[in-house]
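Trainee: Next comes the sequence, and after it the predicted model I'd like to discuss.
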Amino acid sequence: MILRKIDGEFQLGEDAVQIRRFLRLKELEGISASQRLKYYAALKVLLKTCPRGLVSATQDDLEEFLLLLRRGYRVSSQESCWYCVKKFLEFLGKGELFKELHPTFKEKGMKLPEELLTLDEINRLVSAACGPRDKALISVLYESGARIGEIVTLQLRHVSFDQYGAVLIVNGKTGMRRVRIVDSAPLLAEWIEKLHYKAPESPVWVNGQGSRVCYRTVHKMLKQLMKKCSVKKNIYPHLFRHTRATHLADKLTEHQLRVYFGWSGRSDVPSIYVHLSGRDVEEAILRLYGIDINQKPVFAKKVGAWS
């Protein structure tokens, strides 16, 4: 499908040839179809500022491209587009074009703790879910911390159970990776047992007609459950990833976070979560007061018990 779009939208012959080669290489590297579509979409944006075509792009064209991103795209999209364009230019052997360009993409701010889901709220959502599919989906979505696109595209061959729980093989921005789950494994096993189609390539998450569920279906289901549970928060599938990353930020190293959540080595996201967790300084501050966090506290004050 992507290659057919190239023929229709990239009129310059050499551009189409190089984009085809680039996307084919990414497919061979195990990059998912959804991420390859993002590469394609980013190159379409770049074409708007490259009158002579992508293959003939100049540094001036790239500067115009960055200005275009700032004027009309969300911060997350700006960073994603820039990453995709750099990969394509490196493929063309034109990496020198962006060596002197160091754009910053500033988020408005990470999610505040009160905007994230609590474990109690997640458990309430699972309990309120109507059937085994939704219970398993919510549980896996949180524990895996995976992107929604990585979850809904799971096939049966991507799930393996063992004595500890289960391992998911997800395919995302940085290629394929293993994700260990424990608590949600029984619910996932219960749901898979009810599936009528057990071929390895069969989707894990299907609707009543046997078709793969989509983002919209999951989002709608979550909103209905939040209303049912009387939880007044803006919920969307990616919020589970934010929540899980926050919960694990003070338990895993930055490298382990990158591996588990599928963040690239260049991404600043893991360090932001670690910073917000207070892991860097909190233990040191407690030691100043003679408090060892590895020891069981002698007493604990209740909230509101301060005199």
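Mentor: Nice, thanks for sending it over.

Trainee: can you pull out the helices in the protein?
Mentor: Applying DSSP state H to the chain gives helices spanning 2-9, 13-28, 33-47, 59-72, 75-91, 119-128, 132-144, 148-152, 185-194, 215-228, 238-248, 254-261, 269-277, 282-288.

Trainee: what comes up buried for the last one?
Mentor: Put plainly, it is helix 282-288. Counting neighbours by 16 or more other Cβ atoms under 10 Å, one finds that helix 282-288 has no buried residues. (Each C-beta comes from the backbone N, C-alpha and C, glycine too.)

Trainee: What of stretch 235-246?
Mentor: Neighbour counts over stretch 235-246 (16+ other Cβ under 10 Å) mark Ile235, Pro237, Leu239, Phe240, Arg241, His242, Thr243, Arg244, Ala245, Thr246 as buried.

Trainee: Can you tell me which of those residues is nearest Val75?
Mentor: When the buried residues of stretch 235-246 are ranked by distance to Val75 (Cβ to Cβ), His242 comes first, at 15.1 Å.

Trainee: wait, doesn't that closest one sit right on Leu141?
Mentor: No - using Cβ atoms under 8 Å, His242 is not in contact with Leu141; the gap is 11.6 Å.

Trainee: sorry, back to before: can I get the helices of the chain in JSON lines with distance to Gly165 and mean pLDDT?
Mentor: Shown next, in JSON lines, are the helices of the chain (distance: least, Cβ to Cβ, whole Å; pLDDT from 0 to 100):
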{"stretch": "helix 2-9", "distance to Gly165": "35", "mean pLDDT": "51"}
{"stretch": "helix 13-28", "distance to Gly165": "31", "mean pLDDT": "91"}
{"stretch": "helix 33-47", "distance to Gly165": "26", "mean pLDDT": "90"}
{"stretch": "helix 59-72", "distance to Gly165": "41", "mean pLDDT": "85"}
{"stretch": "helix 75-91", "distance to Gly165": "31", "mean pLDDT": "89"}
{"stretch": "helix 119-128", "distance to Gly165": "16", "mean pLDDT": "95"}
{"stretch": "helix 132-144", "distance to Gly165": "9", "mean pLDDT": "97"}
{"stretch": "helix 148-152", "distance to Gly165": "16", "mean pLDDT": "91"}
{"stretch": "helix 185-194", "distance to Gly165": "4", "mean pLDDT": "96"}
{"stretch": "helix 215-228", "distance to Gly165": "22", "mean pLDDT": "93"}
{"stretch": "helix 238-248", "distance to Gly165": "15", "mean pLDDT": "91"}
{"stretch": "helix 254-261", "distance to Gly165": "14", "mean pLDDT": "90"}
{"stretch": "helix 269-277", "distance to Gly165": "23", "mean pLDDT": "74"}
{"stretch": "helix 282-288", "distance to Gly165": "29", "mean pLDDT": "70"}
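
Trainee: Including distance to Pro203, could these go into CSV?
Mentor: As requested, the helices of the chain are exported to CSV (distance: least, Cβ to Cβ, whole Å):
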stretch, distance to Pro203
helix 2-9, 21
helix 13-28, 20
helix 33-47, 14
helix 59-72, 34
helix 75-91, 26
helix 119-128, 21
helix 132-144, 11
helix 148-152, 8
helix 185-194, 11
helix 215-228, 12
helix 238-248, 19
helix 254-261, 23
helix 269-277, 28
helix 282-288, 43
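
Trainee: so which of those helices is the most packed in?
Mentor: helix 132-144 (a mean of 24; mean count of other Cβ atoms under 10 Å).
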